[in-house]
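Asks: Pasting the sequence and the predicted coordinates here, then a few questions.
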Amino acid sequence: MSTQTTTSSTPVTSSPMTDSLVSSSHEDEWALRQGAPYLIDAHCHLQDGHLRADIAGVIARARAAGVHCLVCNSDHQGDWDLILRLAETYPEVIPSLGVHPWFVAQCGRRWLWRLEALVAAYPVAIGEIGLDRQVEERNDGLQEEVFLAQMELAARYDRPVSIHCRKAFGRLVELTSGLSQRPRRMMLHAYCGSHEMVPVFEKLGFYLSVAGSVTWPKNRKTRTAAQRISAERLLVETDSPAIAPAGVPYERNEPAYLPMIVQELARLRGEDPVDLARTTTATALDFFNLIRPAA
């Protein structure tokens, strides 16, 4: 999650503009070619914003767009039960539980005990966790304490972990390098670092996930970095409802727009979109192996 979203209690109905945008997002040639694989949204927030108000419609539109698996990440403790219920209701939803760096101050005294109890009881991933030095009001020490506790949990239970990082890439390298045992599957979600840092993170064992910002023509930093990510370390995501692709209204993003990201990412990398879709899907299936949904 790269821009904060709010939860709406008012049902949201789709508009003609939204319907047309969602429709056009999966009518590209690659999505219609026979044999095109289904896609996996490696990171989203179905409990946030307009997505929560229309969850059945969101999932139906995702399936129509070829997105059949959605990894739903929590922001804070208040999301955990809801995300587990979504996963129980919709087989497309893969739950990922954790505390985002924006919300570390809200951690209760027994937050880690409860998180571990849920990790032990359910085949969940851990996320969204991480570091954020861009927000003005923050406690860097507390961010690191909560981050490291969750990294240790991910390593001990061998769970995939989704990591948020802004303006703290050097520190993330330091902290991760200093761990006596690192999680086997670490993903830097919505990667916004430099292309020079890509091989550094890959050497540490990170996977890097690309979101809608790669479609923004002026975002040269992300677009350049996306071209350098190794094929076997590349994942794709929407981070919905945030980070909408170019042409989609701000924070009206949803998993159905993932083909737009794949299409532009393939163009930048000089690859066939179907091949890129197939590769990222295979990588995501391996990365989230412990929480693969039933067919």
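Replies: Received, thanks. These figures come from a predicted structure and were not determined experimentally. Residues are numbered from 1 along each chain as shown.
Asks: Dump the helix or strand hosting D81 to PDB, keeping only the CA atoms.
Replies: Secondary structure assignment for D81, by DSSP states H and E: helix 80-89. Output of helix 80-89 as PDB, limited to C-alpha atoms (Å, rounded to 0.1, in the frame of the first residue of the first chain):
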ATOM      1  CA  TRP A  80      -7.100  -9.700  10.200                       C
ATOM      2  CA  ASP A  81     -10.500 -11.300  11.000                       C
ATOM      3  CA  LEU A  82     -12.100  -9.600   8.000                       C
ATOM      4  CA  ILE A  83      -9.400 -10.900   5.600                       C
ATOM      5  CA  LEU A  84      -9.700 -14.400   6.900                       C
ATOM      6  CA  ARG A  85     -13.500 -14.200   6.400                       C
ATOM      7  CA  LEU A  86     -12.900 -13.000   2.800                       C
ATOM      8  CA  ALA A  87     -10.600 -16.000   2.200                       C
ATOM      9  CA  GLU A  88     -13.100 -18.400   3.600                       C
ATOM     10  CA  THR A  89     -15.900 -16.900   1.400                       C
END
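Asks: chain center to it, what's the gap?
Replies: 17 Å (CA atoms, centre = their mean, to the nearest Å).
Asks: Pull out the buried residues from that helix.
Replies: Within helix 80-89, the residues that qualify as buried are 80, 82-84, 86-87, counting by 16 or more other CB atoms under 10 Å. C-beta: built from backbone N, CA, C; applies to glycine.
Asks: Could you do stretch 68-78 as well?
Replies: 68-77.
Asks: what about it, how long is it end to end?
Replies: 26 Å (CA to CA, to the nearest Å).
Asks: my read: P95 touches V124, true?
Replies: Yes - with contact defined as CB atoms under 8 Å, P95 and V124 form a contacting pair (4.7 Å).
Asks: Quick check: which element contains A62?
Replies: For A62, the host element (DSSP H and E) is helix 55-64.
Asks: Packing partners of that helix?
Replies: Here helix 55-64 touches strand 67-73, going by 3 or more CB pairs under 8 Å, 6 or more residues apart in numbering; DSSP states H and E.
Asks: Return the residues in contact with the residue nearest to S177 when sequence neighbours are not counted.
Replies: Setting aside the residues directly before and after it, S177 is nearest to L204 in space (CB to CB, 6 or more residues apart in numbering), at 6.7 Å. Taking CB atoms under 8 Å, 6 or more residues apart in numbering, we find L204 in contact with 173, 176-177, 182, 186.
Asks: Check the burial of Y250 by counting its neighbours.
Replies: Using other CB atoms under 10 Å, the number of residues around Y250 comes to 10.
Asks: three-state assignment of the nearest residue to it once chain neighbours are set aside?
Replies: Using CB to CB, 6+ apart and skipping residues adjacent in sequence, the residue nearest Y250 is A244, 5.9 Å away. Counting by DSSP: H, G, I helix; E, B strand; the rest coil, the backbone at A244 sits in coil.
Asks: my guess is A244 contacts P255, does it?
Replies: No - when contacts are counted by CB under 8 Å, A244 is not listed as touching P255 (11.9 Å).
Asks: Restricting to C-alpha, output the helix or strand encompassing T281 in CSV.
Replies: According to DSSP H and E, T281 maps onto helix 273-287. What follows is helix 273-287, C-alpha atoms only, in CSV (Å, rounded to 0.1, in the frame of the first residue of the first chain):
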residue,chain,number,x,y,z
PRO,A,273,2.8,-10.3,-22.8
VAL,A,274,1.6,-13.9,-22.8
ASP,A,275,5.0,-15.2,-22.0
LEU,A,276,5.4,-12.6,-19.2
ALA,A,277,2.0,-13.5,-17.8
ARG,A,278,2.9,-17.2,-17.8
THR,A,279,6.3,-16.6,-16.1
THR,A,280,4.9,-14.3,-13.4
THR,A,281,2.1,-16.7,-12.7
ALA,A,282,4.5,-19.6,-12.3
THR,A,283,6.7,-17.5,-10.0
ALA,A,284,3.7,-16.4,-7.9
LEU,A,285,2.4,-20.0,-7.6
ASP,A,286,5.8,-21.0,-6.3
PHE,A,287,6.2,-18.0,-4.0
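Asks: I am finished for the moment; much appreciated.
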